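Novice: Okay, here's the prediction I keep looking at, along with the sequence it came from:
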Amino acid sequence: MRGPSAPGVGQGIDGHRRTAPIERLPDQGRWPAFLSQTNVSTEGTDSDDVPVSAVLDHASVCIIMADYAITDELGKLQMIGGGLQLIGRDPGTGLTTAFALVVSMGFPPAVFNEQYVFEVILEDKAGAPVELPTPDGETGNVMRFGQTLQVEEPNFRGAGVPRYALPAKAHVVIYFNTGLPLPPGNVLVWRARIDGETRPEWTLPFFVPAPPTGPVLG
């Protein structure tokens, strides 16, 4: 298993390094995380400059949480402890344990080279964005990541794979190496969006247990 890559750096299946900036609104820097991506290229992050594409109607999206995840030079997803539904939390610091959020997407040949706006946001059970406290104790930070991407045609050099025979795959990995100040005792939901739209299956609910209550005396 390779160690964590630098923030915002991923490698595609052809082995060429690609920068992959991620935009967190309103403030990316409060909780360290790193992003790893494969088989995607970036063309800026301003969603206003990108029209709604055909990608929305053709994309398949799967969200998983894991203890640790990263993509390697061949575009393969390396994961430890995948399938998390419970995230532990330290009541002393108010932070969860470290975890990775993995969004895997598939695209048919019909949308190769199309651009789309990818977004993932943390919501409560009612669908409202979750506001997390800052290190100063204030609230108002919405956990939301957005990026403009392009569907890259897969390149299986030397493997004899016919062109357009296989779909394009993209893995976006966000690793929260110091955890997040998530509220305990609540069901929370990660929701993915493409071009501002979402599907019911593009969500992942999870739970942050509250600390056990002490015995009642008297």
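Specialist: Structure's in. What do you need?

Novice: residue ranges for the helices of this structure, please.
Specialist: Secondary structure of the chain by DSSP state H: the helices cover 55-58.

Novice: Under the pLDDT cut-off, which ranges of it? List them.
Specialist: 1-53, 135, 137-139, 214-218 (pLDDT under 70).

Novice: cutoff 80 now
Specialist: 1-53, 74, 134-140, 212-218 (pLDDT under 80).

Novice: Can you give me the end-to-end span of stretch 77-87?
Specialist: Here the two ends of stretch 77-87 are set 21 Å apart, with distance taken as Cα to Cα, to the nearest Å.

Novice: Spit out the contact partners of F112.
Specialist: 151-153, 164, 168 (Cβ atoms under 8 Å, 6 or more residues apart in numbering). The way it works is simple: take the backbone N, C-alpha and C, and place the C-beta from them, glycine included.

Novice: rerun that using 10 Å as the cut-off
Specialist: Going by Cβ atoms under 10 Å, 6 or more residues apart in numbering, F112 touches 150-154, 163-164, 167-168.

Novice: quick check, nearest of those to Q115?
Specialist: Q150 (4.9 Å; Cβ to Cβ).

Novice: The closest one pairs with what?
Specialist: When bridges are called by DSSP bridges, Q150 pairs up with S41, Q115.

Novice: Which among the contacts of F112 count as buried?
Specialist: Neighbour counting with 16 or more other Cβ atoms under 10 Å marks 150-152, 154, 167-168 as buried within the contacts of F112.

Novice: residue contacts, the nearest residue to G88 once chain neighbours are set aside?
Specialist: Leaving aside its sequence neighbours, G88 sits nearest to T97 (Cβ to Cβ, 6 or more residues apart in numbering; 4.5 Å). By Cβ under 10 Å, 6+ apart, T97 lies in contact with 67, 84, 87-90, 176, 178-180.

Novice: for those residues, which one is nearest L77?
Specialist: D67 (13.8 Å).

Novice: For that closest one, give me the backbone phi and psi.
Specialist: The phi/psi pair for D67 (degrees, to the nearest 10) reads phi -60, psi -40.

Novice: Just to check, it is in contact with L86?
Specialist: No: assessed by Cβ atoms under 10 Å, D67 is found out of contact with L86, at 11.6 Å.

Novice: The two: who's more crowded?
Specialist: Each of D67 and L86 has its neighbours counted (other Cβ atoms under 10 Å); D67 has more, 15 against 10.

Novice: any idea how far the more buried one lies from D90?
Specialist: Using Cβ to Cβ, to the nearest Å, D67 is found at 16 Å from D90.

Novice: Over to A69?
Specialist: 21 Å.

Novice: sorry, back to before: report the buried members of the contacts of T97.
Specialist: 84, 87, 89, 176, 179-180.
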